[in-house]
Every structure is written in C-alpha cells, then in structure tokens.
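A.B. asks: Predicted structure and sequence below. I'll ask about it afterward.
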Amino acid sequence: MTQRKLEDFTKSVSPEKVVAEKEEVSSIKDELFNREEDTIFELKEEIPRNFSKHLVALSNSEGGRIIIGVSDNRKIVGVGDVNQLKAQLISTANECSPPIHIGISTRLIDNKEIATVSVPKGEFGIYSCGNKYFIRRNDRSVPMRTKEELLSLMIEKGQTSYGAMPVVYNKKVEFSGNKVARFIKLAKEKRRLEGTTSLSSEDILKNLKCLTTKNNALTPTIAGLLFFTDNPQEILPHTMIKLARFNGKTKSIPIESENIKGTLDELIEASLSFIKRNTMKKIIFKDYKRIEKTEYPMFALREAITNAVAHRDYSSKGQTVRIFVYDDRIEILTPGGLPPPITLDNITESQHSREPVICRLLLYLGYMEELGSGVSRMIEIAESWGLLSPSLQDNGSDFSVTFFNKQVGEDHATFLSGSLIKETDLSMLLPEQIVGIDFVVKENKINKKQYVENTGVSPSTATRHLSQLVKFKILLERGSGKNTFYVLNSE
C-alpha cells in the first residue's frame, strides 16, 4: 500500500469508530466468557446434527440467540467457511415446519470468525421438526411428551382456547336451567347482551361458545361446564380453589382449610367469604358514625381472585388456584404463570388472556372490565386503603399476588394493636362497648370513669360492659381497686 493510500485509509476510520469497535468486541467477549447458557442463549462449537430442534425450541419459547464457533470450555474456535455455514443454517431453518426465518451475523473475535444465529419468537403457530415439538427448559431444548404440554403451548400461542373445547366425559353433561337463566338475566341487566332479544337461550350459549357441535350433536364446552353445571369439579377436579388459614406468618398445619367447588362465580364469592371469616375488621368512628373496615380491601381481593380463575392455565390439570391466609398477608397463586406476552414489567398496561371465552363470560357477569385494568385497579385500591403495594411474582409455573396488612408508615404490631375485632365477635358487642374500644385505641387504656363519661351508661353498667369485653378477650384488666384500667388484648 502506497503512503498516500495508507493516509487515505487511516483518515476514513475515525478514532471514535476504532474505540467503538473495541468496546463492542470487549462486550461480546465478556458475554461469551461469562454469561451462563439459559432459555434464550446457547453456545455451539459447530452446527450439531440435531440443530433444528434448537431452532424449533427457541421459536416455541421466547426466541433467542445461538453463538457458533465457541467450545464448551468457552474457547473461541471459529467457524471456518462462513458462506458454507450460512447456507447450512438457512437450509436447516427451512426444514422446520413452518420454516423459521433466522438472522445470521458474523464477527471477527481474536482473528477468528464466529456466527450469531438470531431466532425470533414464533408468530405462525407451533413449530416442529421431524414431526416432533420442542421447547426450552433452562439451557436445554426438550421435546414435549404429553398432549397437555402441547395443548398448553397451543393455548399460549392463541391457536385454541381450552374454554372453547368440548367436554369429554362418559356421562351426559347437562346445564342447570336456573344458572343459564340467571346468567342471561344478569348479562342483560348489565347491557352485555344487547341485540339478543330474539335469540333462544340455546343460540345465546352457542354464540358465547358455551355449546359446540361434536359428532353432529350439541355438546357443552369447558367454559359452559364451568359456568352452568351444578358440579364442574366432578369432571374437572383441578378447577376447585384450595384455601387455608395458617396461625402465624409461616405455613404449618392450617387452623382452617377448605376445597371450594362450584361454578367460577361461585368460587370467587365463596373464596371471599372464607377470607372474611379468617381476617379481621377494624372499627372506625367518623362524624359520630361507626364504620366497619375490613383488614384487607375486599374489592381488590375480588379482582385478584377473578384474575386467578380467568387467566390460569386450565390445561395444567395437576394444579389448582391456592389462597393462603397468614397473620400478616394473603397469597393468591395462579397455575401456569403469566401468559405471554404479559410480563411483570408490562402487566399493568398490557392485555392478553389464555382464555378469552372464560374472560368474556366473567365480563358479562360484571367481574371483569373490557379495558383489562384489573391489576392496576387492584394495586390502586390496596394503596388507597393505606396498605403496602401488593407483591407480584412469576416463577413460570405459578403467578402469585401477595397482599400485606401492614400499613404504610406502620409496623405490623402497631397495626394489629388497633381496634381489630374478629368478625364473629361483632354481633356480640353493644354500641357503647364499641365506643369504649375506640377510646382505648386512641388513648391506649380506659378506666370505669372514662367509660361512663364517653358512653353515658351508669357505673354498674360500665362494670358489666368492661367485664364482658375481658371475657370476650378483647380487653385485658390491669391494676386493682380504684386503680383498675383496661387495655387492648393484642394476643
């Protein structure tokens, strides 16, 4: 190269570009040498004979990248003939069904060429190779061995809906006429079934995909079973909700548990009743009016339980929705994790469902909104209640929502030492006793004279009222004689 040509070349490559090139190479080497292989990242020394299964698995999962030219011990070995490699990669991708449109780029690292194969998340259904289906599990591409796995993936990809599938059972499945009539009445009252006045109940159920045709006969769908039969769990036991109340903050032998069965709307209401029985009520006095405030906002819990039955993976027959009540929190676990493309990052803005048929039926009954704002509204309600924001977690097999009874700015013990009274005790209390409890909350203690002054009862009645509160284990008696006073029982 002549001196002039060398000068022209060096002028065409700016120092900034040289620095950027070095930084990019450094970043690539750092990833190659330090990043662990996972569901979206894999290293290969060369193209293996079964390479198509890795392309299929990534397409059926979240997509990802495969780096070729790096050995198992993270040594850069290079790929040899780049053009031949690209031709082989494209041929392998085209052999998949449907063909996978991969991206291929190469890079010179330590004077050796490596190739990056970018595999997009599949947009055209379920991908296969050799009539086999694969998905990613951790850093491996594994075959789907059961119909349930394939069905779950099809539902996830929107190719089918579990709720729209016909019920398969060895007995005739019949709808409850009362439940069908009640649903149609409620849906019409909420203006969800406008324009259906001329349709029969059967036609409405067909339109809602609660009835379908199988072998030239009308057959209930899974959604129809879950909304209109008397005992859906006889056929689908995994659709029940399991609840447990534990004593303390850790899982142990429950002090009360229940396996709730029924239609989906019945499951929601029965679950709320269980929670009400096993949590506390707070008595507040405002403008001389008694207000009973539950320990948790029931509307937010209703949203969370509705989301659980609406968005769970119904094809996963080994798991149920579980609700665990502890002293300091309530956990609601939904089988199947979040349905793609929903993630923890976009859950308050995005809208998607595995089960559009089931969601539509819950919408018609008023349990859901068309805008899909359930999660953001649930969080907003909890925070407006003065509670910490609910915790949202997704481990792939379960999505969990945890409500805390700890109030912002208060520790748990302070909150529980407030005027919290078991729901079963409320009917046993007189209005004057509630006034007395409210005084203790504000002043930390009360004596007989203060009880008389605040309630207007006689001294003898005050003695009787306070003794009852001690008997109910709401108050504790302290001191003796004229120095006797009462404090809240926080045990």
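C.D. replies: On my side now, so go ahead.
A.B. asks: Off-centre distance for stretch 349-366?
C.D. replies: Put simply, stretch 349-366 sits 14 Å off its chain's centre (Cα atoms, centre = their mean, to the nearest Å).
A.B. asks: Just the terminal-to-terminal distance for that stretch.
C.D. replies: Stretch 349-366 has an end-to-end distance of 21 Å (criterion: Cα to Cα, to the nearest Å).
A.B. asks: what mean pLDDT would you report for that stretch?
C.D. replies: For stretch 349-366, mean pLDDT rounds to 87.
A.B. asks: List the buried residues of that stretch.
C.D. replies: Using 16 or more other Cβ atoms under 10 Å as the test for burial, stretch 349-366 gives 352-365. From N, CA and C alone the C-beta is placed, and that goes for glycine too.
A.B. asks: count of residues packed around residue 167?
C.D. replies: For residue 167, the count of nearby residues is 19 (other Cβ atoms under 10 Å).
A.B. asks: Can you tell me how far it is from residue 309?
C.D. replies: According to Cβ to Cβ, to the nearest Å, residue 167 and residue 309 sit 18 Å apart.
A.B. asks: returning to that earlier point: could I get the buried residues of stretch 349-366 as a markdown table with secondary structure and distance to residue 204?
C.D. replies: Formatted as a markdown table, the buried residues of stretch 349-366 follow (DSSP: H, G, I helix; E, B strand; the rest coil; distance: Cβ to Cβ, whole Å):
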| residue | secondary structure | distance to residue 204 |
| --- | --- | --- |
| 352 | coil | 26 |
| 353 | coil | 21 |
| 354 | coil | 24 |
| 355 | coil | 19 |
| 356 | helix | 17 |
| 357 | helix | 14 |
| 358 | helix | 16 |
| 359 | helix | 17 |
| 360 | helix | 12 |
| 361 | helix | 11 |
| 362 | helix | 16 |
| 363 | helix | 15 |
| 364 | helix | 10 |
| 365 | coil | 14 |
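A.B. asks: partners of residue 44 in the sheet?
C.D. replies: Counting by DSSP bridges, residue 44 forms beta bridges with residue 68.
A.B. asks: how far is the helix or strand where residue 243 lies from where the chain is centred?
C.D. replies: Following DSSP states H and E, one finds residue 243 within strand 241-245. Centroid displacement of strand 241-245 relative to its chain, using Cα atoms, centre = their mean, is 17 Å.
A.B. asks: Out of the buried residues of stretch 349-366, flag the one nearest to residue 53.
C.D. replies: Nearest to residue 53 among these: residue 354, at 25.6 Å, using Cβ to Cβ.
A.B. asks: show me what contacts the closest one?
C.D. replies: Residue 354 is in contact with 155-156, 161-162, 311-314, 336, 339, counting by Cβ atoms under 8 Å, 6 or more residues apart in numbering.
A.B. asks: so which of these comes closest to residue 85?
C.D. replies: residue 156 (32.6 Å).
A.B. asks: can you tell me how far the residue nearest to residue 294 when sequence neighbours are not counted sits from residue 437?
C.D. replies: In space, and not counting its chain neighbours, residue 294 is closest to residue 281: 5.6 Å by Cβ to Cβ, 6 or more residues apart in numbering. Distance, residue 281 to residue 437, by Cβ to Cβ: 12 Å.
A.B. asks: circling back: filter the contacts of residue 354 to the buried ones?
C.D. replies: By 16+ other Cβ under 10 Å, the contacts of residue 354 give 155-156, 161-162, 311-314, 336, 339 as buried.
A.B. asks: Does anything pack onto the helix or strand hosting residue 59? Which helices or strands?
C.D. replies: If you go by DSSP H and E, residue 59 is part of helix 51-60. On a contact count with 3 or more Cβ pairs under 8 Å, 6 or more residues apart in numbering; DSSP states H and E, helix 51-60 meets strand 64-68, helix 82-95, strand 112-119, strand 128-129, strand 132-137, strand 140-143.
A.B. asks: among these, which is nearest residue 205?
C.D. replies: strand 132-137 (33.5 Å).
A.B. asks: can you tell me which residues contact the residue nearest to residue 205 when sequence neighbours are not counted?
C.D. replies: Distances taken as Cβ to Cβ, 6+ apart place residue 211 nearest to residue 205, at 4.5 Å, with adjacent residues excluded. Residues in contact with residue 211 (Cβ under 8 Å, 6+ apart) are 202, 205, 218-221, 224.
A.B. asks: Mind picking the two most distant members of the residues you listed?
C.D. replies: Most distant of the contacts of residue 211, by Cβ to Cβ, are 202 and 221, 13.3 Å apart.
A.B. asks: Neighbour count: the two, which is higher?
C.D. replies: Neighbour totals were compared for residue 202 and residue 221, and residue 221 leads with 26 against 13 (other Cβ under 10 Å).
A.B. asks: Residue 281 and residue 437: who's more crowded?
C.D. replies: Comparing residue 281 with residue 437 by neighbour count (other Cβ under 10 Å), the higher total belongs to residue 437, at 22 against 18.
A.B. asks: before we move on, back to that, which among the helices and strands packed on helix 51-60 is found nearest to residue 270?
C.D. replies: Evaluated with Cβ to Cβ, those place strand 132-137 nearest to residue 270, the distance being 35.7 Å.
A.B. asks: how much space between the residue nearest the centre of the chain and residue 335?
C.D. replies: Taking Cα atoms, centre = their mean, the centroid of the chain lies closest to residue 399, which sits 3.6 Å from it. Distance, residue 399 to residue 335, using Cβ to Cβ: 8 Å.
A.B. asks: and residue 368, that one's in a strand?
C.D. replies: No: under DSSP: H, G, I helix; E, B strand; the rest coil, residue 368 sits outside any strand and is assigned coil.
A.B. asks: low-confidence ranges in the stretch 251-400 of the chain?
C.D. replies: 282-292, 370-373 (pLDDT under 70).
A.B. asks: residue ranges of the helices in it, please?
C.D. replies: 264-277, 298-311, 356-364, 374-384 (DSSP state H, counting those that start in this stretch).
A.B. asks: and the ones you listed as a markdown table, adding distance to residue 480?
C.D. replies: Supplementary listing: the helices of the stretch 251-400 of the chain in a markdown table, determined by distance: least, Cβ to Cβ, whole Å:
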| stretch | distance to residue 480 |
| --- | --- |
| helix 264-277 | 37 |
| helix 298-311 | 43 |
| helix 356-364 | 59 |
| helix 374-384 | 44 |
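A.B. asks: Three-state assignment for residue 80, please.
C.D. replies: coil.
A.B. asks: Next one: the closest residue to residue 447 other than its chain neighbours from residue 474, what distance?
C.D. replies: Distances taken as Cβ to Cβ, 6+ apart put residue 485 closest to residue 447, at 4.5 Å, once the chain neighbours are dropped. Here residue 485 is placed at a distance of 15 Å from residue 474 (Cβ to Cβ).
A.B. asks: So what does residue 38 look like in phi/psi?
C.D. replies: Main-chain dihedrals, residue 38, degrees, to the nearest 10: phi -150, psi -160.
A.B. asks: nearest residue to it other than its sequence neighbours?
C.D. replies: residue 139 (5.6 Å).
A.B. asks: That neighbour: how many residues sit nearby?
C.D. replies: When neighbours are counted by other Cβ under 10 Å, residue 139 comes out with 13.
A.B. asks: what does residue 88 give?
C.D. replies: Residues near residue 88, counting by other Cβ under 10 Å: 14.
A.B. asks: what sits against it?
C.D. replies: residue 47.
A.B. asks: do the same with residue 403
C.D. replies: Going by Cβ under 8 Å, 6+ apart, the list of residues near residue 403 reads 296, 300-301, 304, 329-330, 332, 382, 387, 390.
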